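A.B. asks: predicted model, plus sequence, below.
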Amino acid sequence: MAKKSDEFYFDTFIACADIANRAAKLLLDIMENFDPAAIDGALERMHALENEGDERNHEISDALVTAFITPIEREDIATLAERLDAVTDHLEGVLHRIYFTNVQEIRPSALKMARKLVEGSESLAALVRELPRFKRSKTLREQVVAVNAIEEQCDRIYIESMRELHTDPALETLTVISWRDVYTFLEITADSMEGVAETIENVVMANS
């Protein structure tokens, strides 16, 4: 395998972040225009993005096998690739839970979380685009903080939503169980975005 340039790694990270952003927007679109009868097609569209992310992650893994010199530590490259891929995986996981718990109607608070995930994925994409300039960037730290702030907002929505879910006497038990799973995975997705930001912050600190 030919030696990969430094740009290969950064460009692939950017591509992975873009895939996650597209997956977040797709999830929101599916939830905002929810049609239980069309869930199979929605799953296929999301899975296509998840496969695209996997392919990019494999490209990085394959390059690292023969790489001698890399722009940042090999372990950091592998960790960042895995965490970016996890964001897309978790977005697909939200849709899986809507599917296998047989959700028939989307709750407003879930839409609020999904919209925050789109904000988070957009902030994450901007952060990753700044990564190639991490040694001289004046905005990277602010972008890390922006991703962290969105995760905190998701935390608050999650807590409020779970409280509402478990105190509404009109809700059937199966509905509570289904939405508890969906809300939890929405929160896990927000956490995974923060995980990417923390990884990038650690890379910057280690290489500055």
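C.D. replies: Received, thanks.

A.B. asks: skip the chain neighbours and tell me the closest residue to Val203.
C.D. replies: Ranked by Cβ to Cβ, 6 or more residues apart in numbering and with sequence neighbours excluded, the top spatial neighbour of Val203 is Asp76, at 5.0 Å. Placement of C-beta: from N, CA and C, glycine included.

A.B. asks: after the helix or strand where that neighbour lies, next one along is what?
C.D. replies: In this assignment (DSSP states H and E), Asp76 forms part of helix 74-100. Using DSSP H and E, the helix or strand that directly follows helix 74-100 along the chain is helix 108-130.

A.B. asks: then that following helix to CSV, C-alphas only?
C.D. replies: Only the C-alpha atoms of helix 108-130 are listed here, as CSV (Å, rounded to 0.1, in the frame of the first residue of the first chain):
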residue,chain,number,x,y,z
PRO,A,108,-42.4,16.4,20.9
SER,A,109,-39.5,16.1,23.4
ALA,A,110,-37.8,13.5,21.2
LEU,A,111,-38.0,16.0,18.3
LYS,A,112,-36.3,18.5,20.6
MET,A,113,-33.5,16.1,21.2
ALA,A,114,-33.2,15.1,17.6
ARG,A,115,-32.9,18.8,16.6
LYS,A,116,-30.1,19.2,19.2
LEU,A,117,-28.3,16.2,17.7
VAL,A,118,-28.4,18.0,14.3
GLU,A,119,-26.9,21.1,16.0
GLY,A,120,-24.3,18.9,17.7
SER,A,121,-23.3,17.1,14.4
GLU,A,122,-23.0,20.5,12.7
SER,A,123,-20.7,21.8,15.4
LEU,A,124,-18.8,18.5,15.3
ALA,A,125,-18.3,18.8,11.6
ALA,A,126,-17.0,22.4,12.0
LEU,A,127,-14.6,21.2,14.7
VAL,A,128,-13.2,18.4,12.6
ARG,A,129,-12.7,20.7,9.7
GLU,A,130,-10.5,22.8,12.0
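
A.B. asks: buried stuff in that helix?
C.D. replies: The neighbour-count check on helix 108-130 (16 or more other Cβ atoms under 10 Å) flags 109-110, 112-114, 116-128, 130 as buried.
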